[in-house]
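> The following comprises the amino acid sequence and a computationally predicted model.
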Amino acid sequence: MSRPIKSNISIPVDGQSLEGIIRLPPKATLLVVFVHGSGSSRLSPRNEFVADSLYQTGIGSLLFDLLTEAEDKTYATRFDIELLVRRLAQTLTWLRAQENTKHLPFGLFGASTGAAAALIVAAQSPQEVSAVVSRGGRTDLAGDSLSQVTVPTLFIIGGADDEVLALNRDSYNQLAGVKQLSIIPGATHLFEEPGALEQVSQLAIAWFTEHTPSPQESRLKEISLPNSENT
């Protein structure tokens, strides 16, 4: 297993710099942008585990901080979905202008409140997002945008995360495109149980791999596959 090559980057957003870590394997087929939840950061060990797993299959990743250190200390800012959406959208625009990422299709991997931002951006810019994966996401915070999400979307929820599971089932029914809901039995909200994160990684890899367009198709996607559910 090759060791992921990581690079620290700064992303100019909202007149300031957001810190990030990018992993780009040789001949990357996709770049997955991680949109973490409230109180988390680019150094989240859970997201780093998934990002390293993606790397082994030729999928690149970007883990970055949507909030500055000061902003992250404010409860209201952590749940400012509009702010997270704006910064995520600006980050995708920035990535599209960079020499080493401009040719890649983008996937989004959201957790907690970050999942809501990922879903809203996917609804607003389906031409830029190939697929979405939500891990224990507060998908309900995406509101009316859920019915406008047409890109392939996977919800991964812990079977013991009762409240979030109920919210995800309701959100799932509102999605308009190709979709799947996968429950990891016995897992709680942070997927700390033995083997739980491995299952998250396997599901995410399979989903992103299945829905990665060819270079020719990446900017001309048309979602026309039937809906599906796996619970």
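Nice, thanks for sending it over.
> Relative to Ala166, how far out is Ile183?
Using CB to CB, to the nearest Å, we find Ile183 at a distance of 12 Å from Ala166. The C-beta positions use only the backbone N, C-alpha and C, and glycine is treated the same way.
> and stretch 194-204, how far out from the chain's middle?
Mean C-alpha position of stretch 194-204 versus that of the full chain (CA atoms, centre = their mean, to the nearest Å) differs by 15 Å.
> just stretch 118-135 next, same as before
Taking the mean of its C-alpha atoms, stretch 118-135 sits 8 Å from the chain's own mean (CA atoms, centre = their mean).
> mind checking the end-to-end distance for it?
11 Å (CA to CA, to the nearest Å).
> in it, what's buried?
Buried positions in stretch 118-135, judged by neighbour count with 16 or more other CB atoms under 10 Å: 118-123, 126, 128-135.
> Could you state which residue of this structure sits nearest its centroid?
Geometric centre of the chain, nearest residue: Phe109, 1.3 Å, by CA atoms, centre = their mean.
> Let me know whether it touches Val133 as I believe.
Yes. Counting by CB atoms under 8 Å, Val133 is a contact partner of Phe109 at 4.9 Å.
> mind checking how far the residue nearest to Thr153 when sequence neighbours are not counted is from Thr188?
Spatial nearest neighbour of Thr153, chain neighbours left out: Val132 (4.5 Å); criterion: CB to CB, 6 or more residues apart in numbering. Relative to Thr188, Val132 is positioned 22 Å away (CB to CB).
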